[in-house]
Each structure stands twice: as C-alpha cells, then as structure tokens.
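Participant: the following comprises the amino acid sequence and a computationally predicted model.
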Amino acid sequence: MRRGYNQSRSIEVTQLPKPVREQVLDRHTVELRLMGRIAAGRPLEAVEEHEMLSLGEFARSDKTFALQVKGSSMIDDHILNGDYVVVEPTQVANPGEIVVALVGNDDATLKRFYREPGGKIRLQPANSDMAPLIVRQPT
C-alpha cells in the first residue's frame, strides 16, 4: 500500500494479497516421483520412470509416489486408463482396499485385495467383464 499523492487520509492498494488457499499451497508444495505405469487389466512389466508430479495436497510422506494407470480393470471404481494414482507404501493391506500388487518378479497391477482360503490372495478388478486374479500369498 502507499499513500495517495497530495491527498490526506488516502491509501492506494498496490498489490492484493494472495487468497488463503494459494498461500497454503505455496507453503506445502510437494513433488511426487512418477514411478511408471500400473496395469489396470493384465499385469505388465514394472518399469521405473524418472518424472515428477506436483501433488502436494495428497502426499503424506516423502515415500509417496504416483503411477499412471494403463488399462480398464478399475473402471467401476472410476479409475480410468490414463489416470494417475497416488500410492503410499505400507506393510498391511486390509480386505477390499485398492492396492498395487506385485505379481511374479517384474509385473504389477492395480486391484482390490482379498485373502482367500488356502493361503491365496484374490486381486479383484472393478470391471464386471474381467475375472479376478488368484495368486499364492508370498511367504
């Protein structure tokens, strides 16, 4: 602000302050690593990429990363081909949660997680046209 030239009791606004939301975002900007693409269909090779996404509002830790979805197995959960998912690594998955599952040595897929009898895991797509993927629980 500055005083108006040759005028008593006058103030000119020279710059408006940023809205509160912009001020908060400026302070909490976090960039996430785009680690690659994740299959939402048949598993595909997990290939690491080196891109960054600025999604600070969604990141809770520096281990959080993003994957771009490739496929249509999660369309009933409104996760579409080309969408990005934010992934927070954890040691525990609860039944019904959407997980990034490693299948075999190099393949990964995005599915809902369920434990099945006999030490098996069902990776359930959210697309009625696709069958679940049943895998043995890792030891």
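Facilitator: Cool, got the structure. Computed from a predicted structure; not experimentally measured.

Participant: and the helices in the protein?
Facilitator: Applying DSSP state H to the chain gives helices spanning 20-27.

Participant: so where do the strands sit in it?
Facilitator: 2-3, 11-12, 31-39, 44-45, 51-54, 65-70, 84-87, 98-103, 107-116, 120-124, 133-136 (DSSP state E).

Participant: can you redo the ones you listed as a markdown table with mean neighbour count?
Facilitator: The C-beta positions use only the backbone N, C-alpha and C, and glycine is treated the same way. As requested, the strands of the chain are arranged in a markdown table below (neighbours: other CB atoms under 10 Å):
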| stretch | mean neighbour count |
| --- | --- |
| strand 2-3 | 10 |
| strand 11-12 | 10 |
| strand 31-39 | 19 |
| strand 44-45 | 15 |
| strand 51-54 | 13 |
| strand 65-70 | 20 |
| strand 84-87 | 16 |
| strand 98-103 | 18 |
| strand 107-116 | 19 |
| strand 120-124 | 17 |
| strand 133-136 | 14 |
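
Participant: is it possible to get TSV of the ones you listed that adds mean pLDDT and distance to D77?
Facilitator: Output for the strands of the chain, formatted as TSV (pLDDT from 0 to 100; distance: least, CB to CB, whole Å):
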stretch	mean pLDDT	distance to D77
strand 2-3	58	55
strand 11-12	58	53
strand 31-39	72	14
strand 44-45	68	19
strand 51-54	64	21
strand 65-70	86	11
strand 84-87	86	10
strand 98-103	91	7
strand 107-116	94	8
strand 120-124	95	10
strand 133-136	91	16
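
Participant: dump these into CSV; add distance to D76 as well.
Facilitator: Formatted as CSV, the strands of the chain follow (distance: least, CB to CB, whole Å):
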stretch, distance to D76
strand 2-3, 59
strand 11-12, 57
strand 31-39, 16
strand 44-45, 20
strand 51-54, 25
strand 65-70, 14
strand 84-87, 15
strand 98-103, 12
strand 107-116, 10
strand 120-124, 10
strand 133-136, 16
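
Participant: which pLDDT value goes with the spatially closest residue to M130 that is not a sequence neighbour?
Facilitator: Counting by CB to CB, 6 or more residues apart in numbering, S73 is the residue found nearest to M130 once chain neighbours are left out, at 5.2 Å. pLDDT, S73: 94.
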